[in-house]
Structures are given as C-alpha cells and as structure tokens.
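Visitor: Sequence isn't available, so here's the structure alone:
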C-alpha cells in the first residue's frame, strides 16, 4: 500500500517537474515577430533523404541569399525545418509543431507524397498556405484550398512515358513497382492511364523497397510477351532493378520514372543504366536546351549556384527553389504575410519561370504545369541526353 | 516454368545465404549469452559501409574488405564489453532493449560518419553474366554462395574442433560450470560477439555488390536474420543457416509463383505455421520446465 | 488511499492546460502522450504482469484505427459505431490468434507476434483499394459526444486524458484483484500457477485480448484526432517503441508504463534540435538507462528512493 | 474408511526409459502416505502425473472416484489437490501474502469485469481471500513476514511459504515434494509438527522425502519406488525390515 503510494507520488513529481521544464523552455521561444517564418518538413534521413537533402540545401542557400539582399517586404526570412525521415506519422507531428509551436507563416516542404498527404487535413484546418514538394496527383486533385505543389505529378510522368512508348509502337508493357507511397501512387496512375494510350499492362509485379534483389519479379516478366518494362520507384530499388534487368539478359527497353532523375542513379546502376529512358524536369539537361528556351537562364543560374556550393544538382532541389520563390513572389504581391492574402496570391501565380517549368496556377489548378514541362531523357554513356 | 524455377532458386539461395549468415550471428550470440542481439543487422551495414568507404579511400580492395571485417568485429566486441557485460543481471527483455538501443546508436553513428547517401561496392570479380541453362547469374552470386558455405563450414569447425570453440559451447550449456573448470567466460563472450559481428560483416560485404547500402540498410536484414534463426530453432547455429536459406527460397518462390506484393507476408505466414506445429523451431531442441 | 497516486496525476493533468492553454507541449504533445500511455498500460498488463512479450502490438492499434477510418470514410458509418465495429474486429482477431500464438514462449513468442504484426502491415500497404496503400486514408470525420464536437486541441486533451485516466484506473484495479494475481503468478511460475487452479492459457488469452482491445480503442481515437492514418503509424517500429516504453519505465508497474510512455513521447521532441545527431543520442540514452537501471527508469528510481529512505531511517535509529 | 486416491497401473516412459512402470497404490483419507526411493526412482514424475503436469502413457488415477487422467493441471487443482515443488516454484515477483492469495484462486469466482470496476461482490470476495491467506500464513507461523517481497525470504521460509500456499486452497489432498530438503534440524522438527497438524485438520498428505527419520516418524504408510517400479509398500516399521528395501538402499553398489 505504502509502496504504491510512494510510487504514485513519485511519478507525479517527476511528471510535474518535467512538464514545467518543458513549458518553461517553450515559453522562451515565443514568436519573434519581425521575420517571415517559413516552415519546412523534409525527409532528411531515411530512404527518401536524397529528396530532402537537396531540398533543404536549396532552401537554406536561397533564404540566405534573399536575406543578404534585404529580405522580403523589409523583413528577414526565417527557415524553420524538421526531419520527417519520410514517415507520415512524424510529418503529422512536426507540422503540428510548425503551426502550433513555431507559428510559421507558410509551409514549403513535404519531400514525399506520403508525408504531404498526411498533413493536408491539418493544414486545411489551420489555414496555412502550403506548397508541397511531392509528386502525387492526389495532393492537388481534388483541389484543396490551402495546398499547392511544384513538382510534376506522377500522372504526368506516366502520361509522358506512355506517349513515348506509343511513338515507339510499344503496346505491351510490364510494370514493376515498389511498396512505397510514390511507387504505389505511380502504379495506380499507370494502370489508370494505360488504356487511354492503348497500352496493355501484361505483367504487374512489385517489390519491397528494402529488398536486395528483384531478379525473381523480372524473371516472371521475362516470361511474358512484354515489349518494354516500366519501373516506378525511387531510391536504391530502381538501380537494383536496372542492374537485374541487364543481369538476366533482358533486352527490352527499360523506362524509369522521374524518381531517379539524379546523378546518383547513374552512379549506382553503372553501365546498366545506359539506354534507360525517363521523364524529368529540364534541370538535368539544362545545357542541352535551345537558347531560346525561357527556362534556360533560370536553370543555369540555379545549377551554377548549387553546384558551386554542394555538388551535382538533382531535380528535387529544383522543386524547392520553385516552391520558395512562388511563395516569396506571392508575399511580395500580397504586401503582407496575412495567410489568406498570401494564399490568394499563390493561386494567382502566372508565368513564373521555375526549374520545373513555367507555372500558371489558377483556382482549379494548384500546380500550373503542362505535360510539356517534362522532358524525355535517355541515359547515354553515363550522362543525360535530352530527347525532346 | 522449369526455367523460371531455376532462376528463383538461384535468387533464393543468394538472398538466403545472406540471411543465413545473419541468422548464424544471432544464434552464436544467443548460445553464448542468452541475448537476442537486435543490433545484428547493424553489423551487416557496418561491414558493407566500411568496406565501401575504405575502398573508395584508395585502400586496395582485398585489404579494405579485411579491414572492414576487423572494424565490425571490434564494434561487436565493444558492444559486449560496454553494453552487455555491465548489464549482465538485466532481464532478457531489458537486454533486448539494450541491443535495440545499440542498433539505433550504431545507425546514428553511421549516419554521421557516412551520411545518408546510397553506395555500392565493386563486384569481387567482373560483371559478366554466367548462363546456366535458361537461368543467369553473376559471378558475385557464386561468391555469395561459396563464401557463405566456407564461413558456415569454418564456424562449424571452430565449434566442433577447436579448444576455444568448445569452451564457448561449454559456456552456453552452463556458465558457472564453465567458469569452475577454468574457462575464461568473459573472454569467450567477447569472442562470440566478435565472431558474430564478423559473420554479419561478411554477409554485408558479400551482398554489397548485388544490392546497395545506406546507413539504415541493416534493419531489414537484421529482421530477416532473426526470423531465420527462429525458424531454424534459436540456439542451433546450423538450424539458423538452414532457416536462412529456407527464408530466402520462400520469398523468392513465393514471389515467383504466388504474388510478389505479398511475398514477405507469405514467408511470415509459413514461419508462423511452422512455429504453431513446432513451437521451438524446425531444428530447435524442445525444452520443458523442470519441476 | 490506493488511488492517491492516480488522483494526484489526474489533478496535474487537469491543471496543466488551465495554466498553459496554448502551449504546444501541453495540448498537442500531451494528447500523443496520453494515447501512448493507454497503449503502454495495456501492453504492460500483458508484458509486465503476465510476463509475455508482444512485438506486434501496433497491429491491433492499426486494425482499430483502420476500421474506424475505412468504415467512416468509405461506408459512411457513424464514428462511434465504427469504433465499436473496430473493437469487435480486434476482439475476434486477437482471440483467434491468441490461442495458437500464446502456446509459444520467449523468443518464439516474440517472433510470432512480430510476424503477425508484419503480416497485418503488409496487408495494409498492399490492399490499397480499401486501405489507401502506403499513403493511407485522410479526411476522417471528427468525433462528437452528444452533439459536442471534439474539434480543438483542448477538447482532444480532455477526451484523451479521460480515457487515459480510466485505463490507468482499470489497470490498477485488474492488478489488485484475483485476476491480477493470476497474471503475476503466470509470470512467476506457470507450473505453480496451474497447480493453484489457474487456467494459465486462458489467463494469457484474456489479458492478450484486453490489451489488444485497449490498443484498438486508442487506434480509433487516434485516427479521429489525426483525421489521417497510414501504415507508418502501425509498423513494426511502433510495436518496438511500445515495448520500449514498457521496459524503459519498468515492467509490472502501471505507473512505470505511464512514465515510459511519457519519456518516449517527449524525448524525441527535445532531440529534434540536435538534427542529425538525434538518432545517435536517442540510442545512447536508451542504452544508458537500460544498462544502469535494468529494471526500468521508474521502478529503478523508486527502488533507489526507498533504499535511500531506509538507509536514512537506519542512520537515525542507530 | 474410504480411499481418497486410487492409483492403478500408472506408466510413463521418456524415450525408452520407463520413469514410472506399472505403479498402483491407494491412499486413505486423513493419513500421511510417503513415497521414498533412491534418486531417479521416479518420485517427482509420479507427482507430476498425479497433478496433471504430465500425462501418463497408461493407467488410471481416481480421486474421490473421479478420473484425473487427461485433466490439465488446473482442473486437477480445482478438484482439491495442491502441491509443493522440489525446485521451488515461488512467485518471486509478488509479496508473501500475495503468493498465498494465489493459492486461494480456486475459492474465488469474481469475473474480470467485476475486477475492472471493483464491484462490491468482488471486494467482498477479495476480503475473504485475504482472510484465508492470512490464516494459512498463521497456520505455518509466517504471519510476521506477510508483506515482505517473496524474493527477500531465506530458503527455509520459502519452503514453508510453498506449504502455506498449497494449504490456502483448502485442498483435500496435499502433495509435498521433498519439503525437508535443505532444512536444518530445528526446521525439520517444525516441519514434521506442521505436517501432523495438517492431518489433524482433515487433510490427506502425500509426501516425497529423502529424510528417512522424518518419513518413518510421521508416515502411516510408505511406498518404495526403485527404477520406476514399486518395490515395497507398508507401514514404516514393515518397510524398514524389508530386505528388498535394505538391498536397494544399501547393497548392490
């Protein structure tokens, strides 16, 4: 009896003291007005960290640059960011933290679709302008009042790939995808779009993103009459798929998604990557664009700055560039950081030239990119080659 | 049908070999100290990542592999020395949490040292595809199978024939008795952890050219190794090897013949069914409470 | 007298939001902590008191959560009805798996529960037409009690705190009963418990089902509070986290589980500032606590505390 | 006088070794029936068979003319048979009185729900159980240590605690497995007094013991097992004179 009492008391004392420490430490971090707070939540660790890493670097670099030039509306920008490890559950928690503890003015972030989709409800409820850096079309369709995004959708990627297949007279395709959010969403879009392009999915295999080998699935595909293989995924898995395809001696054209549009993929897959086709943002083939392309100067400038500081660019960092500047332009036009006004201005973004394309948003289009913003790219001798 | 099956077998055995080595590591530590070491998967990652980075730093290929194994063994022994030994009176669950803590710590350290990028290792010998009938494999597949077989054989020889190996076995039967007949129990524990870390490192280095590694690639391999050890019967090292190979084959054949999306589920369902029928694993000794 | 500890705890929880109604750590993280406490207290009955192990507990949380999510968003169920259906489902599932699984002991039991959890997780990821796949389900309707919508942090704080305090009370009640003693007897010696007339397999099944149902209720509340659920929230890692809460606080102590859940909820919130070092530090703290207080933080500290008191007494009397 | 326990043709083999081989005996109510024999004679196996922990290969066990073979241990216990263990099976995670209260388990029937909500019926039952447990402790002379954690007790007290726990269930038959092992002389004397007191209270005792002095002193009947087989059975004085027993214990080595 006495012992349980002591224990109970003890628990409470510890509870109270820890709670007090917590609240005190929180009290010291009161909203320091005078800055414009941009919140961000990115996959800085975990399997999707190759998305979050360049995104963060881009945000940090340009926030620094903007502040050096005097900030926005005479105020400095302040970047508050958290790591989600690519996990939806963590994303939900840190976005709550951004909104309720840090009291940010708007959010640019969400490296993966899963983490973005997880926070849409809370962003809508709390009425914070939010520009997502993730791919899934579900983020903006149906249109959510406060949610925008900058990367091309997985649906656009699928459409672009099927267009290319049609040009090459390929009608039977084997699909292989992972079990992540990006993969699954892309998979759904492929299945949905295929009939519209007269494409027949003859095999539909999947793998676990942590798997070490995909030869089993590819062996099954080899036994079908598919004329091309399409792999929707990111991270190390597409590189393994690419190597396994060559190992099994499969000569079919291999398509990847925009999820592999970074130098890392070529490095990992090595020679096996040659001949792989994928849709990608223009950034990776910036030099190959015709000089009259409006994007070219923006791309080259971003690329130069980023590479001078951090090394090879990937399209993912570019999405963060687009997100940040769409937000900054909107704040400038709104003349204040009033959330509703900023939101309205983001929606009015027209003719903004970013790394992903020329953005023309509207009340029913919170992305504002057309299919032409995607470039079809082939890997040739370990380098990107712009097809069209 | 037949041609595909052969390919599934090759894939299954290759992947299963890695599971077998990790499972063997689990079994050795469990035998020596009754601890289920959930940091076993981290040994795999450390082995592979150190080899990759040492090699990239210009150290000759073979030497970098040897060094990587040595580094991992040192990490394993440090784990025993600084985490397991001070907590030798802790309950089984507490030691499990300690090893889980250790795995998080090692992952965190790997993140700081090697960053978050994905890395691959050059294959041991070339990348020319070898054709066996309708199936194909890489030289590295042969290396994986061969080195696993050699490692398993060496471990078996070590426990059956050498003085130290027998001493470790004695510790696993009865620590007090082993101590009383003059066996240095502490040293034996240290050796077990070192050996088990070595096996993890070997597994990692072997499959590094086939798959790729990141700082958190050890988690899934550790989980599979644990499953292998349980499937075979915890505490029976050769059972763990068999369990690993079976798990690899189950996954590969399950994916090939039933569904690739549910292949892991299929493997786990079969493990559960095995446990329901044989509650102490396939080759485990059944034990009952003595009263 | 018996419930003094709980009473004080309840008072603190009631006062905190009055003092800090807008504080993130109180009204937002607090709710997460309360959910974790319910889960840990439930798991502690099964692990700490009955001496079993479950590495798949998050699956029951997930089944409860997904039942609510699917039934309300896809079939238009009333949230309370959906919660009832989820609880019923978990009741049945946990009862069915308990029978064969609980014949296993130790590491084999750990493996089997782990496998069960992973199978459920794979199902949630793969069966995307129903579960939304890895992206999960969103826009789950809010709960309301007799027309009073639970739609703010403070209201959720009140609701989750109430459920949590009830679960602690129930746990304390179970432990201080014939059934609680049966649990501990199963832990102490299964053979002796049997020869005292305790149907040990039934006791184990019962407590497994109870803790599974507690997890299901929490899952259901969680899903309404978050308005979102994805397989991440009920993965194998969450199962491990729950076990860690129980062990870290100290097994076979209801307040130990409370304490463990509180630490594992708040610690990551603090460690956020360490960025890339947070993983390393978290692992280090976990190891450190378990090495030096293998009985768990709460139980270990209590023991040190009573030890100290005794020594003091001895000093005074001698 | 009727027989409380009737065992006939009991057999149990492990692999090829017959641990118990065709043993039959009968135990009268309110007596002390001892089983002796050299190590490995099958005494503990016999106890395990009687209490349902292990299942005999063949044979029958009648208790109050009910068949016990095939019942799980807890059902055997519910019939009113309790036991102690040679290797202590104390619930070390509980206090002394809680250990004994577990012994009272079969006397209660409050449901889990009534426990969760602490209904009055459950509280009443709980008070009764506590009362009975304290009485059992008192009977064994352990009242003063009731609130101590079980793991803080010395060996001799733990042995007594097992007996107290066995008594608390108000059994008809108690099986004591080597209760005197490890006890000193005074403790052994105390133990024999305790066992005699049990019988006076209407309980039948089945005793496995190596301490011959104790066995011969208090038993009404003694059964000698050797290699799983019944070697002899009779009163203590008859057993002491039996040449087969003397040979088994002293000669042949």
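Guide: Now that the structure is in, tell me what you want to look at. Since we're looking at a predicted model, the values are computed, not measured.
Visitor: Whatever residue of the stretch 1-150 of chain D ends up closest to chain C: what secondary structure?
Guide: Closest approach between the stretch 1-150 of chain D and chain C, counting by C-beta to the nearest C-beta: residue D:91, at 3.0 Å. C-beta here means a position set from N, CA and C on the backbone, and glycine is covered the same way. Three-state call for residue D:91 (DSSP: H, G, I helix; E, B strand; the rest coil): coil.
Visitor: If you drop the residues flanking it in sequence, what lies closest to it?
Guide: residue C:188 (3.0 Å; C-beta to C-beta, 6 or more residues apart in numbering or on different chains).
Visitor: So residue D:61 lies in a strand, does it not?
Guide: Yes. Counting by three-state DSSP, residue D:61 is part of a strand.
Visitor: Skipping adjacent residues, who's closest to it in space?
Guide: Nearest to residue D:61 is residue D:68, by C-beta to C-beta, 6+ apart, at 4.2 Å.
Visitor: Residue B:103 too?
Guide: residue B:39 (4.0 Å).
Visitor: which residues touch the residue nearest to residue D:91?
Guide: Taking C-beta atoms under 8 Å, 6 or more residues apart in numbering or on different chains, we find residue C:188 in contact with C:51, D:89-94.
Visitor: Low-confidence regions, the chain specifically.
Guide: In the absence of a named chain, chain A is used. Within chain A, the ranges that satisfy pLDDT under 70 run A:1-33.
Visitor: my bad, the chain I had in mind was chain D
Guide: Using pLDDT under 70, chain D drops low at D:1, D:250-253.
Visitor: rewinding a little: the residue nearest to residue B:103 against residue B:99, yeah?
Guide: Yes. With contact defined as C-beta atoms under 8 Å, residue B:39 counts as touching residue B:99 (4.9 Å).
Visitor: quick one, which of those two is more surrounded?
Guide: Neighbours per residue (other C-beta atoms under 10 Å in any protein chain shown) separate residue B:39 from residue B:99, with residue B:39 holding more: 29 against 23.
Visitor: which outside residues touch stretch A:238-251?
Guide: With C-beta under 8 Å, 6+ apart as the criterion, stretch A:238-251 contacts A:176, A:207, A:211-215, A:218-219, A:221-222, A:229, A:231, A:233, A:252, A:254, A:256-257, A:259-260, A:265, A:268-273, A:276, B:7, B:118, B:120, B:129, B:131, B:136-138, B:210-212.
Visitor: from the residues you listed, which ones fall inside helices?
Guide: A:215, A:218-219, A:221-222, A:265, A:268-269, B:7 (DSSP state H).
Visitor: Can you say which two of these are spatially most distant?
Guide: Farthest-apart pair in these is A:265 and B:7; separation 25.1 Å (C-beta to C-beta).
Visitor: Show me what residue D:25 bridges to in the sheet.
Guide: In this entry, residue D:25 is beta-bridged to residue D:7, by DSSP bridges.
Visitor: For residue C:225, give its distance to chain D.
Guide: Here residue C:225 is placed at a distance of 25 Å from chain D (C-beta to the nearest C-beta, to the nearest Å).
Visitor: Report whether whichever helix or strand that residue is part of contacts chain B.
Guide: According to DSSP states H and E, residue C:225 maps onto helix C:200-226. No. Contact of helix C:200-226 with chain B (C-beta under 8 Å from any C-beta of the partner chain) is absent, the minimum separation being 11.6 Å.
Visitor: so for that helix, what's the average pLDDT?
Guide: Mean per-residue pLDDT for helix C:200-226: 95.
Visitor: can you list contacts of the helix or strand that comes right after it?
Guide: Moving toward the C-terminus from helix C:200-226, the next helix or strand (DSSP H and E) is strand C:228-229. Residues from elsewhere that reach strand C:228-229 (C-beta under 8 Å, 6+ apart): A:88, A:92, A:117-119, A:121-122, C:62, C:65-66, C:69, C:136-140, C:222-223.
Visitor: Take those residues and keep only those in helices.
Guide: A:88, A:92, A:117-119, A:121-122, C:62, C:65-66, C:69, C:222-223.
Visitor: can you count the residues close to the spatially closest residue to residue A:108 that is not a sequence neighbour?
Guide: Leaving out its chain neighbours, the residue that sits closest to residue A:108 by C-beta to C-beta, 6+ apart is residue A:323, at 4.3 Å. By other C-beta under 10 Å, 31 other residues sit near residue A:323.
Visitor: Now do the phi/psi pair for the residue nearest to residue B:103.
Guide: Main-chain dihedrals, residue B:39, degrees, to the nearest 10: phi -90, psi 10.
Visitor: and the stretch 1-150 of chain D, which of its residues are near chain C?
Guide: D:51-53, D:72-74, D:76-78, D:82-83, D:85, D:89-94, D:98, D:101-103, D:105-106, D:108, D:110, D:112, D:115-118, D:122, D:125-126, D:129.
Visitor: Which members of the residues you listed are positioned in helices?
Guide: Among the residues of the stretch 1-150 of chain D next to chain C, DSSP H puts D:73-74, D:76-78, D:98, D:101-103, D:112, D:115-116, D:122, D:125-126, D:129 in helices.
Visitor: between these, which has the most around it?
Guide: residue D:103 (32 neighbours).
Visitor: Now do the contacts for it.
Guide: C:196, D:82, D:133, D:136, D:164-169.
Visitor: Leaving out sequence neighbours, find the closest residue to it.
Guide: Residue D:103 sits nearest to residue D:168 (C-beta to C-beta, 6+ apart), 3.3 Å away.
Visitor: what sits against the one you found?
Guide: Going by C-beta under 8 Å, 6+ apart, residue D:168 touches D:100-101, D:103-104, D:132-133, D:136.
Visitor: between those, which is nearest chain B?
Guide: Closest to chain B out of the contacts of residue D:168 is residue D:103 (16.6 Å), distances taken as C-beta to the nearest C-beta.
Visitor: Surely the residue of the stretch 1-150 of chain D closest to chain C and residue D:150 touch.
Guide: Yes. Applying C-beta under 8 Å, one finds residue D:91 in contact with residue D:150, separated by 6.3 Å.
Visitor: can you list residues touching both of these two?
Guide: D:98-99.
Visitor: Which strands and helices lie in contact with the host helix or strand of residue B:94?
Guide: If you go by DSSP H and E, residue B:94 is part of helix B:92-114. Helices and strands touching helix B:92-114, by 3 or more C-beta pairs under 8 Å, 6 or more residues apart in numbering or on different chains; DSSP states H and E, are helix B:40-56, helix B:61-79, helix B:218-232, helix C:236-249, helix C:278-292.
Visitor: contact partners of the second one?
Guide: If I follow you right, that is helix B:61-79. Helix B:61-79 is touched from outside by B:37, B:39, B:43, B:46-48, B:50-51, B:54-55, B:57, B:59, B:99, B:102, B:106, B:122, B:190, B:193-198, B:200-202, B:204-205, with contacts defined as C-beta under 8 Å, 6+ apart.
Visitor: circling back to that earlier point, please report how far the residue nearest to residue D:91 lies from chain A.
Guide: From residue C:188 to chain A the distance is 18 Å (C-beta to the nearest C-beta).
Visitor: For residue C:66, grab the count of nearby residues.
Guide: 28.
Visitor: With residue C:190 instead?
Guide: Residues lying near residue C:190 (other C-beta under 10 Å) number 20.
Visitor: Let me see the contact set for the closest residue to it other than its chain neighbours.
Guide: Once flanking residues are discounted, residue C:190 sits nearest to residue C:200: 5.2 Å by C-beta to C-beta, 6+ apart. By C-beta under 8 Å, 6+ apart, the contact list for residue C:200 reads C:186, C:190, C:193-194, D:74.
Visitor: circling back to that earlier point, which one of the contacts of residue C:188 is nearest chain B?
Guide: Closest approach to chain B among the contacts of residue C:188 (C-beta to the nearest C-beta): residue D:89, at 6.4 Å.
Visitor: I'd say that closest one and residue C:189 touch.
Guide: Yes. Residue D:89 lies in contact with residue C:189 (C-beta under 8 Å); the separation is 4.1 Å.
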